[in-house]
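# Pasting the sequence and the predicted coordinates here, then a few questions.
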Amino acid sequence: MERLMPPKMPLWRKLMGVAAIFYLLGATLFLLKAFGALPTSLLLLGVGFIAIGLYFNVRAMGEMRR
């Protein structure tokens, strides 16, 4: 019998997607601060988003090696 549902998406691909979302949020805040539209505290939030994105990216790389 043929499967009608596609196989489950691997965990590492999901983690890469989460990392991309955090990168996008962080880069947006970082660029808005570069053009002087945001206070410094939001720049630090953007840097935090980029750091969280790095964390998920490293976890995804670990899952790919399994």
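Received the coordinates, thanks. Numbering: from 1, shown residues only.
# use CA for all of it now, contacts and neighbours both
Noted.
# Low-confidence bits of this protein, can you list those?
For the chain, applying pLDDT under 70 flags the ranges 1-6.
# name the helices or strands packed onto the longest helix that it contains?
Determined from DSSP state H, the single longest helix within the chain is helix 40-65. The contact analysis (3 or more Cα pairs under 8 Å, 6 or more residues apart in numbering; DSSP states H and E) places helix 40-65 against helix 11-34.
# Show me the residue at the heart of the protein, geometrically.
Closest residue to the average C-alpha location of the chain: Ala19 at 1.6 Å, with Cα atoms, centre = their mean.
# Pull out the buried positions in stretch 46-61.
46-54, 56-60 (16 or more other Cα atoms under 10 Å).
# Please determine how far the closest residue to the residue nearest to the centre of the chain other than its chain neighbours is located from Phe35.
Counting by Cα to Cα, 6 or more residues apart in numbering, Gly53 is the residue found nearest to Ala19 once chain neighbours are left out, at 4.1 Å. Look at Gly53 and Phe35: by Cα to Cα, to the nearest Å, they are 23 Å apart.
# ok, now Leu42?
13 Å.
# which of those two has more neighbours?
More crowded of Leu42 and Phe35, by other Cα atoms under 10 Å: Leu42, with 15 against 8.
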